[in-house]
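In: 3D, please:
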Amino acid sequence: MGEIKYPITVRKIKYSEPVQTSYRRVGMWVKVRPCAEDCKGKTFLGVYLGDLTLSSLVLYYPKTKVLEVCPHQNPAIFVPDLGRIVWGCESWWGEVEGPEDLRQITDADIQNVWYVRALKELSKAGSPGTPPPPPASA
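Out: So this is what the prediction gives:
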């Protein structure tokens, strides 16, 4: 890809539809543990609002002079106790199907997720294709 030289001429703006629609039920109760430090590892009850647009990717095609806007969607969860939306990409969360699902999401739960275990294995010193760990801070 080359560098975009400004100003540009735009003949058309194309808005792309989201690539994938969610299979989850909007309005379902979820438990959510935000990664934000101010939440101190606490698990909250929330309402799944759907996969909403978190940001947009914008592409420019100089040959056709088309500007394409592509939505980047992510699960959005309203947490009444926080008074705000917590995004799926900034939390650990799961559906609440019954009272037993209301327990806290613990550090052990997070460490037991398959991709967290895989990342730990890949980051061990000596794993093929993995750079060495950064030096310890002084």
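
In: quick check: S55 touching H72?
Out: Yes: the pair S55 / H72 is scored as a contact, 4.8 Å apart, by CB atoms under 8 Å. Heads up, the C-betas are built off the backbone N, CA and C, glycines and all.

In: what kind of secondary structure is the residue nearest to the spatial centre of the chain in?
Out: Closest residue to the average C-alpha location of the chain: C89 at 2.2 Å, with CA atoms, centre = their mean. Under the three-state scheme (DSSP: H, G, I helix; E, B strand; the rest coil), C89 adopts helix.

In: leaving out the residues flanking it, which one is nearest to it?
Out: N74 (5.1 Å; CB to CB, 6 or more residues apart in numbering).

In: so what sits opposite that neighbour in the bridge?
Out: Listed by DSSP bridges, the beta-bridge partners for N74 are L52.

In: tell me the pLDDT at it?
Out: N74 carries a pLDDT value of 93.

In: so how far is the helix or strand where H72 lies off the chain centroid?
Out: Applying DSSP states H and E as the criterion places H72 in strand 66-79. Relative to its chain's centre, strand 66-79 lies at 10 Å (CA atoms, centre = their mean, to the nearest Å).
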